[in-house]
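Visitor: Sequence first, then the predicted structure, then my questions.
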Amino acid sequence: MIVAIDGPAGAGKSTVARTLATRLGFRYLDTGAMYRALTQLALEKGVSLEDGAALGDLARREPVSFEGDRVFIRDEDVTEAIRLPRIDRVVSSVARHLEVREVMRERQRELGSYGDAVIEGRDIGTVVCPDADVKVYLVADAAERARRRKADRPEIGEQALATDLRLRDERDAAQMQPAPDAQEIDTTELSIEQVVDRIEQLVLARSA
Ligand code: DC
């Protein structure tokens, strides 16, 4: 079974998807981490973030891999590096290139094909796994999303985080359409456990 969890940054996808995967005993795939790792490598190698063809080539040559919670590219553990604000601010520029998306989507389908999985991203229910058994689109109001980000990025002011999120939403808009058959859940007033419970109910209903 594939559970697709999409939605904007700060809506709670990662925590919810990870917790749900543990609860169900499913594998967890964070597709945002793949775009982040490619961005990190491109910056390191001085590849222009405007050059879709070069970035697509880089993505093909240097696949992102996962070991438990750790993220690797080119055998380098980039788990912490890819969560830094310098990546937050430019990752959308990398993710918007079709050449990059093609490589990533192929790899995401492959990683998702090994059995039960919870896959989180922006286009999982629409493009990567349009036949996913359960599709969820998480949303939350802008102030709450900035507040949650603050917990992960304490060094940045809430106002600056809110602006970064808004800019990222604008840049990610092309990838951020909910699938027509996705269940939208507004997480603004819900705890992680409540969101996970709701999705688990959808999974159980689907299994039945
Ligand atoms: O979920 P995240 O913040 O870690 O994602 C990082 C960026 O990657 C985000 O700005 C949009 C992009 N992304 C995407 O375009 N498609 C996905 N399936 C996942 C992430």
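Guide: In hand now; what should we look at? Just so it is clear, the model here is predicted, and its values are computed rather than measured. Numbering: from 1, shown residues only.
Visitor: Determine if any part of stretch 44-63 is in contact with the ligand.
Guide: No. Stretch 44-63 stays clear of the ligand (C-beta under 6 Å from any ligand atom), getting no nearer than 12.5 Å. To be clear about C-beta, it is placed using only N, CA and C from the backbone, and glycine gets the same treatment.
Visitor: Mind listing what's buried along that stretch?
Guide: 47, 49, 52, 54, 55, 56, 58, 59, 62, 63 (16 or more other C-beta atoms under 10 Å).
Visitor: ok, which pair from these is furthest apart?
Guide: Maximum pairwise distance among the buried residues of stretch 44-63 (C-beta to C-beta): 19.2 Å, between 49 and 63.
Visitor: Can you pull the phi/psi pair for residue 157?
Guide: Backbone torsions of residue 157, given as degrees, to the nearest 10, read phi -70, psi 150.
Visitor: Can you give me the neighbour number for it?
Guide: 11 (other C-beta atoms under 10 Å).
Visitor: One more: the one 5 residues further on?
Guide: The local packing of residue 162 (other C-beta under 10 Å) involves 18 other residues.
Visitor: check contacts around it.
Guide: Applying C-beta atoms under 8 Å, 6 or more residues apart in numbering to residue 162 gives the contacts 142, 143, 145, 146.
Visitor: what residues does whichever strand or helix holds residue 39 touch?
Guide: Assessed by DSSP states H and E, residue 39 sits inside helix 31-45. The list of residues contacting helix 31-45 from outside it, by C-beta under 8 Å, 6+ apart, reads 13-14, 47, 49, 55, 58-59, 62, 64, 66, 71-74, 78, 81-83, 86-87, 90-91, 94-95, 100, 104, 107-108, 119-122, 124, 128.
Visitor: circling back to that earlier point, can you add pLDDT and distance to residue 25 and give the buried residues of stretch 44-63 back as TSV?
Guide: TSV is the format used below for these (pLDDT from 0 to 100; distance: C-beta to C-beta, whole Å):
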residue	pLDDT	distance to residue 25
47	98	39
49	98	38
52	98	38
54	98	40
55	98	35
56	98	35
58	98	34
59	98	30
62	97	31
63	96	26
